[in-house]
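K.L.:
My questions concern the predicted model and sequence given below.
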Amino acid sequence: MKNLYKDIIINSQIAKTQLAVLIDPDKMEIKNISSFIGKVNRSIATHIFVGGSEVDTNIDEQILEIKSHTKLPVILFPGDTNQISPEADGILFLSLISGRNPDYLIGKHVEAVPKLSTTNLEILPTGYLLVENGKKTSVEKVSKTTPMLRADIDLIRDTAKAGELLGMKLIYLEAGSGAIQPIDSDIISKVKGSLNIPLIIGGGIKTKQDLNNAYGAGADIVVVGTAFEKDESFFEDLLKPEFKITAN
Ligand SMILES: CC(C)=CCC/C(C)=C/CC/C(C)=C/CC/C(C)=C/COP(=O)(O)OP(=O)(O)O
Ligand SMILES: O=P(O)(O)OC[C@@H](O)CO
Ligand SMILES: [Mg+2]
């Protein structure tokens, strides 16, 4: 049994860099998992997230294959209830608090309960906020919600804080998969400044500079998916132990 949340808190307290590699099961062939995970293992990655806005693949089989090649924790990042797998270690139990679609605020969660009750997944209640990035994202389409405006920083901060006050254990600021502009540093630092729980940042992070900006502004965990899908050589920039975060 892993202590996923406890470890995230400890790592945040000791300022250990936490990087989650996002695997979208529809974009990963089972035969390529072993080599991909080899690269993940040699990098500074601390977590593997598995999920997508829409997924058709047999996710159990993929997770078993991932777990046979790594000791890193595997956490579900589900766009829907069909992505719940008992083979993972935990699940980001996302509530899309930037939107006002009841299905994504509480509906899917009620639906998920019977499935979750037959698993040992560690549940990580997560307030999930979608912020505009310059193009329409899959999450926006699937959830039929509007992202928050980048200029509405105080509203983003207050929405994240409301999530914490409701008892959520993590806040995830999402620019959207393949975002043109990742979440701005000033949004990250303002949100982080008001929170007492860890902050996850994702969407459009594709360079070391983007990573440094996010960590420097206060991200506890950064999520990278598309950049590795497009070019696995990005892992070479993130090899341990050489990689060091340089805060701005
Ligand atoms: C409670 C359960 C089981 C599910 C929660 C359902 C909720 C509220 C989801 C939040 C909204 C949502 C659709 C999140 C998806 C997050 C995700 C994994 C995005 C990654 O998107 P990609 O699938 O990579 O998009 P592209 O295909 O465009 O790259
Ligand atoms: O695919 P990228 O752009 O890295 O985004 C990761 C994640 O935040 C998407 O939901
Ligand atoms: Mg994607």
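P.N.:
Received it, and whenever you're ready, just let me know what you need. On a predicted model such as this, the values are computed, not experimentally measured, just so you know. Ligands and ions are numbered 1, 2, ... in the order given.

K.L.:
What residues does the chain have near ligand 1?
P.N.:
When proximity is defined as CB under 6 Å from any ligand atom, the chain approaches ligand 1 at 24, 51-53, 77-81, 84, 93-96, 104, 108-109, 112, 128, 138-139, 142-143, 177-178, 225. The C-beta positions use only the backbone N, C-alpha and C, and glycine is treated the same way.

K.L.:
near ligand 2 too, which of those?
P.N.:
Among these, the residues that sit close to ligand 2 (CB under 6 Å from any ligand atom) are 177-178, 225.

K.L.:
And the strands in this structure?
P.N.:
Remark: strands assigned in the chain by DSSP state E are 18-23, 47-50, 74-76, 90-96, 122-130, 170-174, 199-202, 221-224.

K.L.:
Any chance of JSON lines for these, columns distance to K208 and mean neighbour count?
P.N.:
Shown next, in JSON lines, are the strands of the chain (distance: least, CB to CB, whole Å; neighbours: other CB atoms under 10 Å):
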{"stretch": "strand 18-23", "distance to K208": "11", "mean neighbour count": "22"}
{"stretch": "strand 47-50", "distance to K208": "19", "mean neighbour count": "24"}
{"stretch": "strand 74-76", "distance to K208": "24", "mean neighbour count": "23"}
{"stretch": "strand 90-96", "distance to K208": "25", "mean neighbour count": "22"}
{"stretch": "strand 122-130", "distance to K208": "25", "mean neighbour count": "21"}
{"stretch": "strand 170-174", "distance to K208": "20", "mean neighbour count": "25"}
{"stretch": "strand 199-202", "distance to K208": "15", "mean neighbour count": "26"}
{"stretch": "strand 221-224", "distance to K208": "11", "mean neighbour count": "24"}
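
K.L.:
Could you dump those strands into CSV with distance to L149 and mean pLDDT added?
P.N.:
Formatted as CSV, the strands of the chain follow (distance: least, CB to CB, whole Å; pLDDT from 0 to 100):
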stretch, distance to L149, mean pLDDT
strand 18-23, 25, 98
strand 47-50, 26, 98
strand 74-76, 29, 98
strand 90-96, 16, 98
strand 122-130, 11, 98
strand 170-174, 13, 99
strand 199-202, 18, 98
strand 221-224, 22, 98
